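> Here's a sequence, model it:
(one chain, ligands or ions: 2)
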Amino acid sequence: MTTTADPSQTGGFAVVVVAAGSGTRLGRGIPKALVDVSGKSILEHSLERIEASGVTAAHGTWPAGPVVVTVPPGDTELTAVATRHGVRAVEGGATRAASVRHALEQLRSAGCSPRGVLVHDAARCLTPAAVFHRVAAAVAAGQGAVVPVLPVVDTIRRVDEEGSSQGTVDRGLLRAVQTPQGFSWDLLLEVNDAAAGERDERITDDASLVELFSEVPVRTVPGDEAALKVTRPMDLLLAEAILATART
Ligand SMILES: Nc1ccn([C@@H]2O[C@H](COP(=O)(O)OP(=O)(O)OP(=O)(O)O)[C@@H](O)[C@H]2O)c(=O)n1
Ligand SMILES: C[C@](O)(CO)[C@H](O)COP(=O)(O)O
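Ligands and ions are numbered 1, 2, ... in the order given. Prediction:
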C-alpha cells in the first residue's frame, strides 16, 4: 500500500485498522488477526480490501491518507504483514478503545492531519469496498460520525438477572453496528481526549465515544452481511464460504 509515504500529509482519509485483540472467543490460541482464512491471515485480507477499495484517496480532491494497524504488544508477525503492505504498525492497548487511542496518538505525533478517519476492525476482514465508500462519502459530505448498520433479524428479549423475560424489544428500531466507522479527524481526536482513557461498558466502538463525549449526531449508512466480524468459530466457516462463493 502506498498510503504511508508521508504521514504528515494533510487531507484524505486516514485508516486505523485495529488488530491487537487476542481472539479469545475464536479460541485459536494465537492473535485473531493472524488466523488463516482460505490461505491468508485475517489481517492480510483486511489490508488487501482496504487497498483495493482505494478509499484513502477517494472522495473529492483529498489526497490519500495514511493507514495504521494496531498489533498486540510484543508482536512481530502482524507487524511483518503490515510492513509488507507498506503500513505502519503500532502497539495496541488492553481494550479496543485503548488500541484506537494509541493509533491516533501515533498519527498525531507524526504530524498527520487528515480530513477524515476510518476506524476498522481487522476482524471484519471481508468488508466490501462499497461499505468503505458509503461511510467515507458521508463523512466527506460533512457528517461528523458515521457507522454502517444492518437490521436485526433475531427476536430480541430483555431479561432480568435471573434470566426471566421482561418482554420483547421492538427490533424495528434496532440496528447491528459494523465497521469501518468514519469521523471527522478533529471530532475523533476531541472525544478521545475527552474520554481520557475512561473505561465504560458502553464504549464498545468509536461512535459510542462520540455519543458520550460530544453533541454530534451519529449517522448510519447501510452495512453489508459480508462485513461480518470473525468472532466465533462459526464465523470462520462463513468467511470461507463467502470467499469460495466469490471465486465461483
Ligand atoms: N485490545 C484490543 C482488543 C481488540 N482489538 C481489535 O478490535 C477488533 C474488534 O474486537 P473483537 O473482534 O472483539 O476482537 P478480540 O478482542 O480479539 O476478541 P475476543 O473478545 O474474543 O478476545 C478486532 O479486530 C481486534 O483485533 C484491538 O485492536 N485491541
Ligand atoms: C466495533 C464493533 O465491531 C462494532 O460492531 C464491536 O462493537 C467491537 O467488538 P465487540 O464484539 O463488541 O468486542
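> alpha carbons only for contacts and neighbour counts from here, please
Noted.
> quick one: the closest residue to P233 other than its chain neighbours and V221, what's the gap?
Excluding the flanking residues, the one nearest P233 by Cα to Cα, 6 or more residues apart in numbering is L26, at 5.4 Å. Separation of L26 from V221 (Cα to Cα, to the nearest Å): 28 Å.
> Confirm for me that P114 is in contact with A14.
Yes - if you go by Cα atoms under 8 Å, P114 and A14 touch, sitting 6.1 Å apart.
> Of those two, which one has the most company?
Remark: of P114 and A14, A14 carries more neighbours, 30 against 26, as counted by other Cα atoms under 10 Å.
> so what's the more buried one bridging to?
Beta bridges link A14 to V117 when assigned by DSSP bridges.
> so it makes contact with Q106?
No - if you go by Cα under 8 Å, A14 and Q106 don't touch, sitting 11.9 Å apart.
> Near A195, how many other residues are there?
Neighbour count of A195, defined by other Cα under 10 Å: 17.
> dump the residue contacts of it.
Applying Cα atoms under 8 Å, 6 or more residues apart in numbering to A195 gives the contacts L209, F213.
> any idea what sits nearest D160, other than its immediate chain neighbours?
Q166 (6.5 Å).
> Now for the one you found: which residues touch it?
Q166 touches R157, R158, V159, D160, counting by Cα under 8 Å, 6+ apart.
> Quickly note the distance from the residue nearest the centre of the chain to G111.
For the chain, the residue nearest the mean C-alpha position is H120 (1.6 Å; Cα atoms, centre = their mean). Distance, H120 to G111, by Cα to Cα: 21 Å.
> Same check on L188?
L188 is 16 Å from G111, by Cα to Cα.
> more neighbours, the two?
L188 (25 against 14).
> I'd assumed S208 was in contact with the more buried one.
No - here L188 does not reach S208: they are 10.9 Å apart, not a contact under Cα under 8 Å.
> near ligand 2, anything from stretch 214-232?
No - using Cα under 6 Å from any ligand atom, we find that stretch 214-232 stays clear of ligand 2, coming within 6.6 Å at best.
> who's in contact with that stretch?
With Cα under 8 Å, 6+ apart as the criterion, stretch 214-232 contacts 23, 25-27, 121, 123-128, 131, 134-135, 143-150, 177-179, 191, 207, 210-211, 235-236, 239, 242.
> Just the endpoints, please. Distance across it?
Chord length of stretch 214-232, first to last residue, is 33 Å (Cα to Cα).
> average pLDDT across it?
In this model, stretch 214-232 has an average pLDDT of 98.
> Buried ones in that stretch, by neighbour count?
V218, R219, T220, P222, G223, D224, A226, A227, L228, K229, V230, T231 (16 or more other Cα atoms under 10 Å).
> Just checking the distance from that stretch to the centre of its chain.
From the chain centre to the centre of stretch 214-232 is a distance of 9 Å (Cα atoms, centre = their mean, to the nearest Å).
> P72: neighbour count?
When neighbours are counted by other Cα under 10 Å, P72 registers 23.
> Contact partners for the closest residue to it other than its chain neighbours?
Excluding its sequence neighbours, the residue lying closest to P72 (Cα to Cα, 6+ apart) is A20, at 4.3 Å. By Cα under 8 Å, 6+ apart, A20 lies in contact with P31, A33, T70, V71, P72, P73, E91, G92, G93, R96, S99.
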